[in-house]
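[1] Sequence unavailable; structure follows:
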């Protein structure tokens, strides 16, 4: 850039010098010489500064293109992976559905078996309770029947037993007690 500035100054100076000569002689040849000097100076400056500038700019552009190609390749790779995932997604969903269905069926079977075991256990408990209730009812029935029999026997005995028979029974009982007491004191 400095060189361009210098070239512009030279050009300006040459123009200024040219104006003076025009005013003095208005020499057409001087104009052409000045123009040639200016053109050669600018050409030299351009030839000296522009190729390295263009080379560095070209290398920057090429590097940018390489980076862009890498990024594009990575993006295409990711896009391909995403497409593959999307293609597998339907199969994965179907696989998930079949697994879920199989698991639900297994769970239903497990629940059915557990329910069957629970029902069998409840049936056994109910049977045991029925047997226990039956035994208790029979025992209660026997006790009730025995009580009724005793009540009936007591009524019959009371009907048959009069005062003299009652007194005789009491006397016999007292006598038996006295005899057992005397035998117990001897031993």
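    On my side now, so go ahead. None of these values were measured; they are calculated from a predicted model.
[2] Farthest from the middle of this protein: give me that residue.
    The centre of the chain is farthest from one residue, residue 164, which by C-alpha atoms, centre = their mean lies 98.5 Å away.
[3] Three-state assignment for that one, please.
    Assigned by DSSP: H, G, I helix; E, B strand; the rest coil, the conformation of residue 164 is helix.
[4] how close does residue 118 get to residue 124?
    11 Å (C-beta to C-beta, to the nearest Å). To be clear about C-beta, it is placed using only N, CA and C from the backbone, and glycine gets the same treatment.
[5] What backbone torsions are found at residue 162?
    With angles defined as degrees, to the nearest 10, residue 162 sits at phi -110, psi -170.
[6] Check the one 5 residues further on too.
    Here the main-chain torsion angles of residue 167 (degrees, to the nearest 10) amount to phi -70, psi -40.
[7] swap in residue 146?
    Per degrees, to the nearest 10, the backbone of residue 146 is at phi -70, psi -40.
[8] gap between it and residue 139?
    Applying C-beta to C-beta to residue 146 and residue 139 gives a distance of 10 Å.
[9] Could you give the number of residues near residue 38?
    For residue 38, the tally of surrounding residues (other C-beta atoms under 10 Å) stands at 19.
[10] avg pLDDT for the strand or helix carrying it?
    If you go by DSSP states H and E, residue 38 is part of helix 28-160. Averaged over helix 28-160, pLDDT sits at 89.
[11] what's that helix packed up against?
    When contacts are defined as 3 or more C-beta pairs under 8 Å, 6 or more residues apart in numbering; DSSP states H and E, helix 28-160 sits against helix 2-24.
[12] what mean pLDDT does the helix it packs on have?
    Helix 2-24 shows a mean pLDDT of 61.
[13] For residue 151, the count of nearby residues, please.
    10.
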